[in-house]
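Asker: Sequence plus the predicted model coming up.
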Amino acid sequence: MDTKVRSFELTMWPHMRAAYNLARWLVRNDQDAEDIVQDSFLKAYKAQESFRGGDSRVWMLSIVRNTALDFLRRYKSRSVVSLEDQIHEPADHTPNPERGLLESTRRKQVREAISHLEPEFREVIVLREIEGLSYKEIASVLSIPMGTVMSRLSRARNLLLVELGGAKEVSA
Amino acid sequence: MNCREAGPLLHARLDNELDMAGSANIDLHLAECRACAAQYAALESLHEEIVAADLGYAPGTALERKLAAQFPQEHKSKFRFWSWNWLNASVMAAALAVAVLVVAIPMLRNGNGADAVGAEILDNHLRALQPMHQVDVLSTDQHTVKPWFQGKINFSPPVPDLTKEDFLLLGGRLEVIHRQPAAAIVYRRRQHIVSLYVSPSVGADSKPELRDSGGYHLLHWMQNNMSYWAVSDVDPSDLRTFGDLVRGK
């Protein structure tokens, strides 16, 4: 038991920050993100026999991602919106007239722009731009082909450019 | 390559996901297509902006505590550094709960000096229990640890192999104690870390003297013009045993 716990801790706990960051971006509030990380670690612990080497960060993040999406589906009546609900809806943009005036304002804008992306675009931005994962790693976390990673990332960035006033949207 | 083909590849180029030939192809297109070049520049600055905004969310300590409580742990020392760094550190030092450091230090002969040095040793030991501070050279092999000190300090600290006596060598590090370079050698006995601090100090040999400080024990002695301090939260009799083993008695 001790050995099992220890090997789990040593392998997985270093990924707690990344796990929390992804969960927080997906569910968009602290408390739910904490619950999801706890839940995910428990799942990971129970399933650790099924983890056969490889990239433990990718494994952990895929558990967090699936747990977060399950959560979003289950609680779609709450303020968070599920993946399905958001797909064909425009994001809830709140234009800010003072755009670009202050650095902190700009930072807030960037964060809100990402936060308003649909989850399937938000997650690729978070994994690529904030967590610095490669396309291959993102493909493993999301269980999608690398080509899909590239096209989603392309679409997501173009949406951000439009939202942030960087350029007009171009077809991906 | 036309602009339609180039679209997604601009991202792959930006993310360093293309091989050399692929990159060269895109670069050729960018050189001759103003629209794509502008798009690429916009993507690049977007990327830089997101990175610079440092938008990662860091977990609070409450989560760390909750998670820690969720799993039965063996890190239950007085020092519950439940940070991820601490856990990383335990990767490095493989489940430390007790450290023994031996340091030989000058200025130990007069009483007040020894007290001051003892306090400093204890502080140093406690600091070493924190993340990533245990050892500079991580090895259970005395023949790796001992030579590591060569060229770093002008004396050669003893690094006895006490595995059979249940003091497992974890590694060593350099310290400055009372403005003197000291070798710190770290052992583990069950869940306790024992630090041995050694530094040159002129003086007559002395018998090990035990003192206590807040649940920790310090053992100090002089031998062959070296000052030794062993510190740990092990049982005092274990620390005495450790001291005798190091002294070769």
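Answerer: Ah, there it is. From a predicted model like this one, the values you see are computed outputs, not experimental measurements.
Asker: mind listing the helices for chain A?
Answerer: A:2-12, A:16-27, A:30-46, A:56-74, A:83-87, A:103-115, A:119-125, A:135-142, A:146-163 (DSSP state H).
Asker: An error on my part: the question was meant for chain B.
Answerer: Ranges of helices in chain B, per DSSP H, are B:3-14, B:20-32, B:34-53, B:61-70, B:84-93, B:111-128, B:142-149, B:236-247.
Asker: And the shortest one, what's buried?
Answerer: By neighbour count, and taking 16 or more other C-beta atoms under 10 Å in any protein chain shown as the criterion, the buried residues in helix B:142-149 are B:Gln142, B:Val145, B:Lys146, B:Trp148, B:Phe149. To be clear about C-beta, it is placed using only N, CA and C from the backbone, and glycine gets the same treatment.
Asker: Need the contact partners of it.
Answerer: The contact list for helix B:142-149 (C-beta atoms under 8 Å, 6 or more residues apart in numbering or on different chains) reads B:136-137, B:139, B:156-157, B:159-161, B:169, B:171-172, B:174, B:183, B:185.
Asker: Turn the residues you listed into a markdown table, columns for pLDDT and distance to A:Leu161.
Answerer: Converted to a markdown table, the contacts of helix B:142-149 look like this (pLDDT from 0 to 100; distance: C-beta to C-beta, whole Å):
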| residue | pLDDT | distance to A:Leu161 |
| --- | --- | --- |
| B:Asp136 | 70 | 47 |
| B:Val137 | 71 | 50 |
| B:Ser139 | 73 | 52 |
| B:Ser156 | 87 | 63 |
| B:Pro157 | 89 | 61 |
| B:Val159 | 90 | 60 |
| B:Pro160 | 90 | 65 |
| B:Asp161 | 89 | 63 |
| B:Leu169 | 86 | 57 |
| B:Gly171 | 83 | 51 |
| B:Gly172 | 86 | 54 |
| B:Leu174 | 84 | 52 |
| B:Ala183 | 91 | 58 |
| B:Ile185 | 91 | 57 |
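Asker: re the thing from before, reformat the helices of chain A as JSON lines; add mean neighbour count.
Answerer: Formatted as JSON lines, these follow (neighbours: other C-beta atoms under 10 Å in any protein chain shown):
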{"stretch": "helix A:2-12", "mean neighbour count": "16"}
{"stretch": "helix A:16-27", "mean neighbour count": "24"}
{"stretch": "helix A:30-46", "mean neighbour count": "19"}
{"stretch": "helix A:56-74", "mean neighbour count": "21"}
{"stretch": "helix A:83-87", "mean neighbour count": "15"}
{"stretch": "helix A:103-115", "mean neighbour count": "16"}
{"stretch": "helix A:119-125", "mean neighbour count": "23"}
{"stretch": "helix A:135-142", "mean neighbour count": "20"}
{"stretch": "helix A:146-163", "mean neighbour count": "21"}
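Asker: and the most centrally placed residue in chain A, what does it touch?
Answerer: For chain A, the residue nearest the mean C-alpha position is A:Glu123 (3.4 Å; C-alpha atoms, centre = their mean). Neighbour list for A:Glu123: A:Leu22, A:Trp25, A:Leu26, A:Arg65, A:Leu142 [criterion: C-beta under 8 Å, 6+ apart].
Asker: near chain B, which of these show up?
Answerer: By C-beta under 8 Å from any C-beta of the partner chain, the members of the contacts of A:Glu123 lying near chain B are A:Trp25.
Asker: Please look at A:Met60 and A:Ala18 and confirm they touch.
Answerer: Yes - A:Met60 lies in contact with A:Ala18 (C-beta atoms under 8 Å); the separation is 7.5 Å.
Asker: Turn the buried ones among the contacts of helix B:142-149 into a named ChimeraX selection, would you?
Answerer: Here is the ChimeraX selection string for the buried members of the contacts of helix B:142-149, based on 16+ other C-beta under 10 Å:
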select /B:136,137,139,157,159,160,169,171,172,183,185
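Asker: Show me how chain A divides into domains.
Answerer: Annotated domains of chain A cover A:1-81, A:90-172 [automatic domain parsing].
Asker: no no, chain B
Answerer: B:3-53, B:84-247.
Asker: averaging pLDDT over each of these, which comes out lowest?
Answerer: When those are compared by mean pLDDT, domain B:84-247 comes last with a mean of 77.
Asker: residue contacts, A:Ala156?
Answerer: Per C-beta under 8 Å, 6+ apart, neighbours of A:Ala156: A:Leu117, A:Phe121, A:Arg122, A:Val124, A:Ile125.
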